[in-house]
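Trainee: Provide a 3D model corresponding to the input given below.
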Amino acid sequence: MELQNNKEEVSKGVLKYYEDEIDIFHTYMDDLGYSQHTIKCYLSDVKAFLIFIFEKEEGFLSLEKISSKHIQEYLRKTQKGMAKSTRNRRLMSLRTFFKSLVKAEELTTNPAADIDMAKQEKNSLPTYLNDEELRLLFKCIKHDQYHIRNKCIIMLMGLAGLRVIEIHNLNITDLIRDEKEPGINVLGKGNKVRYIPLPIALYNLLLEYERMFRPTPKPEHNNAFFISKRGERISRRRVQMIVEDTLKTLKSLPDFHYLQNKPLSSHKLRHSFGTRLVRSGVDLVTVQELMGHTNLSTTQIYTHVNNKQKQEAMRNQDISQFFE
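Mentor: Sure thing, here's the model as predicted:
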């Protein structure tokens, strides 16, 4: 217990020492319109790095003396058991941190600028649920007082591609109340708002929740669409837990034990949406717009196909004219 307290005190001391630099970084991200989720992740990465440097050097080190070697050692020692994407995010956090200090003329160089990103598998297939699995998932939503709310949440993720943070951010005023063109405005990454037209059945479900099942919110949460039992805007973690509990029920079904080893999560519902759109013939630019991707290359991960689809594409061709 005493050791834990000492570690916490050391951490607080380190972060206090670099308080001005961290504040510059935070302001820089705010000014550029980074999402609150990204800001939180990047700050966490940078703080962990600064504590690592303090422990390694057994004292405070001026940021001017930090080199690419320090950063590479940090990435290497914290990489064990982590995905390459995590390593790349940490590197991007540090690049952005030192870039903000260069812009503020606190430093002259960015020691993270020339460190290469880890190569990730470009053709790795995203994990997703097929239509039958998705249909059964919706049936696995617990029938309690929060059933309609949770059904709205899971369906918005699986059938409209919303992220966890976007569910959290959704407001009453984001609903587009047009009978002919019902939809929602979604606040996504980089504080960008995108319009998503909704299927009538899903839109009506949202209205049913709003009209009959939405708890009375506290005054400061009056505009939040999804409300917790405490009358507050639903937390990101609660959204994740709702999905996790429902996925667990799906995996326990007799015919779905094969999903036990499948890395399913709330974000995989978004993958399911993207994959379903592409496989139904929706063009990639439209998919990009609906999912709020900045780059089309991100959307292209949903173009994955299996061997059966390849066989059908090739064998269903009429090539007799070329053999006359």
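Trainee: list the buried residues for stretch 256-276?
Mentor: 256, 259, 264, 266-276 (16 or more other Cβ atoms under 10 Å). C-betas here are computed from N, CA, C, even on glycine.
Trainee: and V193, what pLDDT?
Mentor: As predicted, V193 sits at a pLDDT of 91.
Trainee: let me redo that: G274
Mentor: Reading off the model, G274 has pLDDT 89.
Trainee: nearest spatial neighbour of it, skipping sequence neighbours?
Mentor: Y302 (4.0 Å; Cβ to Cβ, 6 or more residues apart in numbering).
Trainee: what's the answer for F98, then?
Mentor: Of all residues not flanking F98 in the chain, N110 sits nearest, at 4.2 Å (Cβ to Cβ, 6+ apart).
Trainee: what about that neighbour, neighbour count?
Mentor: 19 (other Cβ atoms under 10 Å).
Trainee: and for K16?
Mentor: 9.
Trainee: that one is in what secondary structure piece?
Mentor: helix 2-17 (DSSP states H and E).
Trainee: okay, now the residue nearest to G274: neighbour count?
Mentor: Y302 has 24 neighbours, counted by other Cβ under 10 Å.
Trainee: per-domain residue ranges of the chain.
Mentor: The chain breaks down into these domains under automatic domain parsing: 2-103, 131-305.
Trainee: pick out the shakiest of the ones you listed, pLDDT-wise.
Mentor: domain 2-103 (a mean of 86).
Trainee: the helices in this protein, which residues?
Mentor: Under the criterion DSSP state H, the chain contains helices at 2-17, 19-31, 36-57, 68-77, 84-103, 131-139, 147-160, 164-169, 200-208, 236-252, 266-279, 284-291, 296-299, 307-315.
Trainee: would TSV of those helices with distance to R177 be doable?
Mentor: Output for these, formatted as TSV (distance: least, Cβ to Cβ, whole Å):
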stretch	distance to R177
helix 2-17	46
helix 19-31	32
helix 36-57	27
helix 68-77	49
helix 84-103	38
helix 131-139	25
helix 147-160	16
helix 164-169	19
helix 200-208	9
helix 236-252	24
helix 266-279	23
helix 284-291	20
helix 296-299	29
helix 307-315	40
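Trainee: for Q321, which of the ones you listed is the nearest?
Mentor: Nearest to Q321, of all those, is helix 307-315, at 16.2 Å by Cβ to Cβ.
Trainee: thinking again about what came up before, of all the helices of the chain, which one is nearest E220?
Mentor: Per Cβ to Cβ, nearest to E220 of the helices of the chain: helix 164-169, 15.1 Å.
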